[in-house]
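Enquirer: Quick one, structure for this:
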Amino acid sequence: IHVRRLPIGWQDVASSGGIQERSREWRRAESIALLQDLDACVSESSAASADGTSRNRAASGSLAPHSSAASKTGGIPPRAKSLVALGHHADDQAETMVLKALRGCHVSNFRGMSWRAGRFVRPMLGVRKKDIEEYLVAIGQPWMEDASNSEPKYKRNRVRLQLLPLLEELTD
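Expert: Numbering: from 1, shown residues only. Down below sits the predicted model:
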């Protein structure tokens, strides 16, 4: 788990009403910083193993040609790119679409979350939450849920807990 303290001045943001957007920006910036740290570690590790491999080949007198990708980068494998996998699932996608429709989103902007946005990926967008839960139960893997998800005090939660079940009932 990677944790950093919130920047100074966030108390002012809470009173101005922009805490959610500011929080999203902060999480994204922290994730990007972590990815850069991971990429640096991977690059250092790759460089060290490439040096060791080159020395071993030179010592054995067998200088086999490098792969084309490695030769283009001076013997070091192309830099690995780390990604952040987000846990959004198909039910989250449905909530997002319903909320956009309720806000009166223009048809040209009526789309859900993308599978990939830069270095952020959502590999479970096509999987329903109940299927994820059933799978975790089957393999004995515990999970945690935010307790506030079961409280209908937020608009997204009301959509999740009340509107989507009603829509499913009406369309069955």
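Enquirer: Trp26 and Ile32: what is the separation?
Expert: From Trp26 across to Ile32, the span is 11 Å (CB to CB, to the nearest Å). Backbone N, C-alpha and C define where each C-beta goes, glycine included.
Enquirer: What's the mean pLDDT across the host helix or strand of Arg28?
Expert: Using DSSP states H and E, Arg28 sits in helix 19-60. For helix 19-60, mean pLDDT rounds to 70.
Enquirer: now do stretch 118-125
Expert: According to the model, stretch 118-125 has a mean pLDDT of 91.
Enquirer: how long is it end to end?
Expert: 16 Å (CA to CA, to the nearest Å).
Enquirer: What are the buried residues along it?
Expert: 120-122, 124-125 (16 or more other CB atoms under 10 Å).
Enquirer: And the helices in this protein?
Expert: For the chain, the helices defined by DSSP state H occupy 10-16, 19-60, 68-72, 90-103, 129-139, 155-158, 164-171.
Enquirer: Just list what the last one packs against, helices and strands only.
Expert: Contacts defined by 3 or more CB pairs under 8 Å, 6 or more residues apart in numbering; DSSP states H and E place helix 164-171 against helix 90-103.
Enquirer: and if you look at the fifth one?
Expert: Helix 129-139 is packed against helix 90-103, with contacts defined by 3+ CB pairs under 8 Å, 6+ apart.
Enquirer: picking up where we left off before, take the buried residues of stretch 118-125 and write them to JSON lines, including distance to Cys41.
Expert: Output for the buried residues of stretch 118-125, formatted as JSON lines (distance: CB to CB, whole Å):
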{"residue": "Phe120", "distance to Cys41": "20"}
{"residue": "Val121", "distance to Cys41": "20"}
{"residue": "Arg122", "distance to Cys41": "24"}
{"residue": "Met124", "distance to Cys41": "26"}
{"residue": "Leu125", "distance to Cys41": "29"}
